[in-house]
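Trainee: Following is a predicted model, sequence given first.
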Amino acid sequence: MDKPAFPTADTEKMMSLPLGAVSPLWLMFAGAATVGAAFYWSKAFFKPTNLEALIRIEESAADAVVEEIEDMVEVVEAMADTAEETLEEAMDVATEVVDDLVEATPEPVEHLMAALMPEPVAPMTPAKPDDLTRLTGIGPKLAAAFSERGVTRFADIAAWSEDDIARFDKELKLMGRVTREAWIAQAKRYAEA
């Protein structure tokens, strides 16, 4: 028989190298450590948990909470009854005071009003209408249409609401010119000036 081929020069050279990173034994140790760590952490993190047991409230604690809420309801109802009685009493007292004042007044106060306002107040004359044609996009024809509808001043246009805008837009077929040409902003500027 021939000599076995196992202890060749290459294998002897390989065995003479210092053990270290080149040794396949280290790779086996690293793999085993990785598998062990993965197994340990998977058991720690993925163990089954009974959520109902974690969330469950003791029956006695729940009963105590219910009793506390019922007590609070009783207190609130008692306070409401007291407040209602107090309000009724205050209304009675106020009614009595007003009745006493009415009885104590000898005659109506018309003579006092006459003393305060000896002359009748003259009716207010309407203010001079503004020139609405100063607004961009309003010509004489449109200004006359506004005047027919009672809009004669810049303050009238400045006070328009969304409903007013929609109404005038529909009546005069303005097709959105009020907002497009910013009549309200212009009117506010002229009204303040």
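Mentor: Thanks, I have the structure now.
Trainee: Going by C-alpha atoms from here, please, whenever you check contacts or count neighbours.
Mentor: Will do.
Trainee: and the next element down the chain from the least confident helix or strand in the chain by mean pLDDT?
Mentor: Evaluated with mean pLDDT, DSSP states H and E, the helix-and-strand set of the chain has its lowest mean pLDDT in helix 110-116, which scores a mean of 55. Tracing the chain past helix 110-116, the next element assigned as helix or strand by DSSP states H and E is helix 140-148.
Trainee: on contacts alone, who are the packing partners of the helix or strand just after that next one?
Mentor: In the C-terminal direction, the helix or strand that comes right after helix 140-148 (DSSP H and E) is helix 154-158. Packing contacts for helix 154-158, counted by 3 or more CA pairs under 8 Å, 6 or more residues apart in numbering; DSSP states H and E, involve helix 183-192.
Trainee: mind listing what's buried in the helix it packs on?
Mentor: Under the neighbour-count criterion of 16 or more other CA atoms under 10 Å, helix 183-192 has 183-184, 186-188, 190 buried.
Trainee: likewise stretch 169-182?
Mentor: The neighbour-count criterion (16+ other CA under 10 Å) identifies 169, 178 as the buried residues of stretch 169-182.
Trainee: outside of it, which residues touch it?
Mentor: Outside stretch 169-182, the residues that touch it by CA atoms under 8 Å, 6 or more residues apart in numbering are 136-137, 145, 165, 168, 184.
Trainee: Tell me the confidence at the nearest residue to residue 130 once chain neighbours are set aside?
Mentor: Nearest residue to residue 130 in three dimensions, chain neighbours excluded: residue 153, at 4.8 Å (CA to CA, 6 or more residues apart in numbering). On the pLDDT scale, residue 153 is placed at 92.
Trainee: Output stretch 162-179 as CSV, restricted to C-alpha atoms.
Mentor: Extracted C-alpha coordinates of stretch 162-179, given in CSV (Å, rounded to 0.1, in the frame of the first residue of the first chain):
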residue,chain,number,x,y,z
GLU,A,162,-71.7,87.6,0.4
ASP,A,163,-75.5,87.5,0.1
ASP,A,164,-75.6,91.1,-1.1
ILE,A,165,-72.9,90.4,-3.7
ALA,A,166,-74.7,87.4,-5.0
ARG,A,167,-78.0,89.4,-5.1
PHE,A,168,-76.6,92.3,-7.1
ASP,A,169,-74.5,90.0,-9.3
LYS,A,170,-77.8,88.2,-10.2
GLU,A,171,-80.0,91.3,-10.6
LEU,A,172,-77.6,93.3,-12.7
LYS,A,173,-75.9,90.4,-14.5
LEU,A,174,-72.4,91.5,-13.2
MET,A,175,-70.9,88.0,-13.8
GLY,A,176,-68.5,88.2,-10.8
ARG,A,177,-67.2,91.7,-11.4
VAL,A,178,-67.7,92.7,-7.8
THR,A,179,-65.0,90.4,-6.6
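Trainee: That concludes my questions; thank you for your assistance.
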